[in-house]
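Enquirer: everything below, folded, please.
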Amino acid sequence: MTTPPKPGASAELAPRTRAEFEAALRDMDRFYHIHHPFHIAMNEGGLEPAAVRGWVANRFYYQIQIPRKDAAILSNCPDRAVRRQWIQRILDHDGAAGECDDAGGIEAWLRLGEAVGLAREEVVDLRHVLPGVRFAVDAYVQFARTAPWPEAIASSLTELFAPTIHKKRLENWPALYPWIDAEGYAYFRRRLSEARRDVEHGLDFTLGHFTTRSQQDRVFEVLRLKLEILWAMLDAMWVAYVDRRPPPTLAAPVPA
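Expert: Okay, the predicted model is just below:
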């Protein structure tokens, strides 16, 4: 196992080779939110329907902020070639009009909300979004706006670990949660291919751009930040839906 460095621990060392750098990045999957107790319970069928609905409603806030995060990266990026590839991520989420007429990932997530028993309007109006989730997601968008654009690109490398999650949900959820309408799984199916394409581009850019040891170490700091944001979102959901201690300011409880 290749261990990511502690911040500032090895600035004078020689840079990692491309293969070493990639291996160290992939090793960070052990910090991914799939290992959070909330996620483990969800993927083992251990959550009540209200908790699953709460997860879907709160992740919707993340979904609708992703295009804004990507737009921030585009606005800061002077490289036309990078922009031409990165803009596809916005279209993936917002959808594309014209001949392809793709409704996009946000629409697919709304259909997942309906499949788990949420009304579309209660997902769209964000009434179920927990303050901790909102703060975490907003922090990510703010990072993308204010960080150097290559670092913002590197922060998206949690995509390295995402296809496994989508595949497991497609395999396990129909049996674990038979009350979920199967039409709602379209989002996970589409992300299997999109995430792999995004990983190829984001990883190739990161491996080629961050070539000194200190630059590579900074990537680990950035990726650690993104992993902590995803973990914090699930912390908030655990307290609200497993411990059943939602914040008193929450606009409306998730239907049981």
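Enquirer: how far off centre is the helix or strand hosting residue 207?
Expert: With elements taken from DSSP states H and E, the one containing residue 207 is helix 186-209. From the chain centre to the centre of helix 186-209 is a distance of 12 Å (C-alpha atoms, centre = their mean, to the nearest Å).
Enquirer: that one: what's the following helix or strand?
Expert: Note on helix 186-209: by DSSP H and E, the next helix or strand toward the C-terminus is helix 213-237.
Enquirer: rewinding a little: run through the neighbouring helices and strands of the helix holding residue 207.
Expert: Under the contact criterion of 3 or more C-beta pairs under 8 Å, 6 or more residues apart in numbering; DSSP states H and E, helix 186-209 touches helix 18-27, helix 80-94, helix 105-115, helix 149-155, helix 162-176. For every residue, glycine as well, the C-beta is placed using N, CA and C.
Enquirer: who touches the second one?
Expert: Applying C-beta atoms under 8 Å, 6 or more residues apart in numbering, the external contacts of helix 80-94 come out as 63-64, 66-67, 70-71, 73-74, 77, 102, 104-106, 153, 194, 198, 201, 205.
Enquirer: where does the chain have low pLDDT?
Expert: 1-12, 98-101 (pLDDT under 70).
Enquirer: which outside residues touch the helix holding residue 207?
Expert: For helix 186-209, contacts defined as C-beta under 8 Å, 6+ apart pick out 18, 21-22, 25, 82, 85-86, 89, 92, 105, 108-109, 111-112, 150, 153-154, 156-157, 159-160, 162-163, 166-167, 169-170, 215, 219.
Enquirer: out of these, which end up buried?
Expert: Using 16 or more other C-beta atoms under 10 Å as the burial test, those include 21-22, 25, 82, 86, 89, 92, 105, 108-109, 111-112, 150, 153-154, 156-157, 159-160, 162-163, 166, 169, 215, 219 as buried.
Enquirer: that older thread, any chance of JSON lines for the helices and strands packed on helix 186-209, columns distance to residue 232?
Expert: What follows is the helices and strands packed on helix 186-209, written out as JSON lines (distance: least, C-beta to C-beta, whole Å):
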{"stretch": "helix 18-27", "distance to residue 232": "21"}
{"stretch": "helix 80-94", "distance to residue 232": "22"}
{"stretch": "helix 105-115", "distance to residue 232": "20"}
{"stretch": "helix 149-155", "distance to residue 232": "15"}
{"stretch": "helix 162-176", "distance to residue 232": "17"}
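Enquirer: of the ones you listed, which is nearest residue 35?
Expert: helix 162-176 (10.8 Å; C-beta to C-beta).
Enquirer: tally of neighbours for the nearest residue to residue 182 once chain neighbours are set aside?
Expert: Nearest residue to residue 182, sequence neighbours excluded (C-beta to C-beta, 6 or more residues apart in numbering): residue 174, at 6.3 Å. Residue 174 is flanked by 12 other residues according to other C-beta atoms under 10 Å.
Enquirer: now do residue 165
Expert: The burial count for residue 165: 17, using other C-beta under 10 Å.
Enquirer: residue 126: neighbour count?
Expert: Residue 126, neighbours per other C-beta under 10 Å, totals 15.
Enquirer: re the thing from before, who touches the residue nearest to residue 182 in this structure?
Expert: Counting by C-beta under 8 Å, 6+ apart, the residues that residue 174 touches are 180, 182, 185.
Enquirer: now these: which count as buried?
Expert: Here, 16+ other C-beta under 10 Å leaves 180, 185 buried among the contacts of residue 174.
Enquirer: check which helices and strands the longest helix belonging to the chain sits against.
Expert: Counting residues, the longest helix found in the chain (DSSP state H) is helix 49-76. Secondary-structure packing of helix 49-76 (3+ C-beta pairs under 8 Å, 6+ apart): helix 37-43, helix 80-94, helix 105-115, helix 120-124, helix 131-146, helix 149-155, helix 213-237.
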